[in-house]
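**Q** Here is a sequence together with a model predicted from it:
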Amino acid sequence: MIEPPAPHAQDRAPHDPAPRAPAVLPAVGERLGVWRVSAMLFECASGVWFRVEHGKAAAQTGLALVYRHESDAQAVLMRFAEDSESLARFQHPAYGAPLDSGLSPAGLPYLVVPAMEGAPLLRVAMALPLKRRMQLLLDLIAMLDAAHDHGLVLHELDPGTLWLSPAQQLHWLGQGLTPRDSQAPTALVRAAEPLANARQRAGGRPDANSETHALGRLLGMLVNGRLPRRDATEDGFEEEPEPGATPVASLQSWLSLTAAQRESLDQLLDRAMMDGRSFTDRQLLAQAVRDWIEVEPAPAPARASSGSPSAPMPLLPSPPPLETEDRPASSHASWAERLAGIALVLALAAVVAWLLVRGG
């Protein structure tokens with residue numbers, strides 16, 4: 001059996017003086033309704049992704065997201081019962097509509113979607129160049145345009161349901177969409193709350209403002225690897241970190257920008273994530289992102305040691321740099337080289353401190 005992290009205080013009864021034992025996730029071979037768990041794949045803020053096989057049709061496989069919080073059951077199960085038929089009619093090559101839903105033997109809600117290869121977006125996004133990460137937001141907005149044409153709107157944006165294929169194509173799995181006239185409960189899954197605006201977190205129906213707010217917050221996560229800590233503190237909820245999405249992973253991107261580029265990107269993120277008034281719909285946000293991508297020159301690529309073309313960007317992040325003791329010693333380094341190295345370390349430390357202050 002696999003055990004998720006301990007539940008939040010919100011998952012305890014008011015009179016319960018001690019945390020409850022964490023619910024047990026399914027093991028390989030166990031059943032989720034008619035599905036059998038064949039492999040554990042990835043952890044995300046929502047829960048854990050598993051590969052599953054249909055018990056009555058072995059050739060049919062899927063992905064199952066088992067949510068870590070029992071409190072997500074209403075948002076998952078009731079919306080599946082109300083909206084799944086409408087979502088199944090939305091035929092888009094990058095969208096995987098929900099196939100099934102239920103409760104695990106331990107009482108955790110789960111959602112089954114079509115099988116695909118790849119990984120949750122925020123686990124691997126920081127391996128991509130900055131502008132490519134920002135382009136992924138435009139890809140999602142284009143998918144939302146198609147959804148709106150079919151009478152669907154954005155109900156919630158759970159980053160764990162966004163996947164990146166090995167070909168670096170964005171895919172959206174599950175039930176973040178909902179029909180305009182849906183009668184399903186307005187509840188959000190826990191992992192979507194940090195991206196929702198205050199009105200929707202209070203139970204309001206989705207609208208253009210809540211959609212744009214969520215997209216702006218996702219832009220911040222794609223650039224910085226996470227949301228600013230102060231947002232979670234001010235809004236009174238605790239953000240679930242996405243594995244692999246860290247501010248350290250974005251440091252190289254920031255170092256490759258000029259001071260003017262950093263300032264313009266800061267302004268874009270502030271407008272997208274903070275004030276809630278600059279962008280009143282997704283098209284205005286998309287145009288601002290598109291303008292930044294087109295106007296700001298791309299950082300100069302690193303010079304290769306040979307004339308051969310560089311390899312394509314891998315899906316998974318590059319390994320961390322070698323520790324000091326693993327690096328080959330240089331006994332012939334001059335004092336000038338040593339002083340230059342010290343200056344570089346101080347500069348990097350200043351940038352890291354600036355990023356932490358900015359994110360905090």
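**A** Cool, the structure landed.
**Q** So Leu65 versus Asp72, what's the distance?
**A** From Leu65 across to Asp72, the span is 10 Å (Cβ to Cβ, to the nearest Å). For the C-beta atoms, the positions are set from N, CA and C on the backbone; glycine is no exception.
**Q** Of those two, which one has the most company?
**A** Legend: neighbour count by other Cβ atoms under 10 Å for Leu65 and Asp72, higher for Leu65 (28 against 24).
**Q** Please, where are all the strands along the stretch 1-150 of the chain?
**A** Ranges of strands within the stretch 1-150 of the chain are 31-32, 35-43, 47-54, 61-67, 95-96, 100-103, 109-114, 119-120, based on DSSP state E, counting those that start in this stretch.
**Q** Now distance to Gln169 and mean pLDDT too, for the ones you listed, in TSV please.
**A** Below are the strands of the stretch 1-150 of the chain laid out as TSV (distance: least, Cβ to Cβ, whole Å; pLDDT from 0 to 100):
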stretch	distance to Gln169	mean pLDDT
strand 31-32	27	95
strand 35-43	17	95
strand 47-54	18	96
strand 61-67	16	97
strand 95-96	12	97
strand 100-103	25	96
strand 109-114	15	97
strand 119-120	12	95
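**Q** so can I have CSV of these showing distance to Asp270?
**A** Listed next are those as CSV, based on distance: least, Cβ to Cβ, whole Å:
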stretch, distance to Asp270
strand 31-32, 42
strand 35-43, 31
strand 47-54, 31
strand 61-67, 32
strand 95-96, 31
strand 100-103, 38
strand 109-114, 34
strand 119-120, 27
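**Q** looking at those, which is closest to Ala81?
**A** Between Ala81 and those, the shortest separation by Cβ to Cβ is 7.8 Å, and it involves strand 100-103.
**Q** What strands flank that closest one, and is each parallel or antiparallel?
**A** strand 109-114 (antiparallel) (DSSP bridges).
**Q** which one of the strands of the stretch 1-150 of the chain lies closest to Arg282?
**A** Closest among the strands of the stretch 1-150 of the chain, once you apply Cβ to Cβ, is strand 95-96, at 16.4 Å.
**Q** what's that closest one in contact with?
**A** With contacts defined as Cβ atoms under 8 Å, 6 or more residues apart in numbering, strand 95-96 is touched by Leu63, Val113, Pro114, Met116, Met143, Ala147, His171, Trp172, Leu173, Gly174, Leu177.
**Q** which one of these is nearest His92?
**A** Met143 (6.4 Å).
**Q** and the gap between the closest one and Leu152?
**A** 10 Å.
**Q** Who has more neighbours out of the two?
**A** Leu152 (22 against 19).
**Q** Isn't Pro194 up against Arg226?
**A** No - the pair Pro194 / Arg226 is not scored as a contact, 9.4 Å apart, by Cβ atoms under 8 Å.
**Q** Now the contacts of strand 95-96 in JSON lines, please, with extra columns for distance to Ile293.
**A** Formatted as JSON lines, the contacts of strand 95-96 follow (distance: Cβ to Cβ, whole Å):
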{"residue": "Leu63", "distance to Ile293": "31"}
{"residue": "Val113", "distance to Ile293": "30"}
{"residue": "Pro114", "distance to Ile293": "31"}
{"residue": "Met116", "distance to Ile293": "27"}
{"residue": "Met143", "distance to Ile293": "18"}
{"residue": "Ala147", "distance to Ile293": "23"}
{"residue": "His171", "distance to Ile293": "21"}
{"residue": "Trp172", "distance to Ile293": "21"}
{"residue": "Leu173", "distance to Ile293": "26"}
{"residue": "Gly174", "distance to Ile293": "28"}
{"residue": "Leu177", "distance to Ile293": "26"}
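**Q** Select only the buried ones of those in PyMOL?
**A** To isolate the buried members of the contacts of strand 95-96 in PyMOL, using 16 or more other Cβ atoms under 10 Å:
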select buried, resi 63+113+116+143+147+171+172+173+174+177
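**Q** Just give me the neighbour total for Leu128.
**A** 21.
**Q** pLDDT value on it, please?
**A** Leu128 is assigned 91 on the pLDDT scale.
**Q** got it, and the one 5 residues further on?
**A** Model confidence at Arg133, given as pLDDT, is 94.
**Q** Go ahead and confirm it touches Leu222.
**A** Yes - in this structure, Arg133 is within contact of Leu222 by Cβ under 8 Å, at 4.4 Å.
**Q** Now do the shared contacts for those two.
**A** By Cβ under 8 Å, 6+ apart, the residues touching both Arg133 and Leu222 are Ala125.
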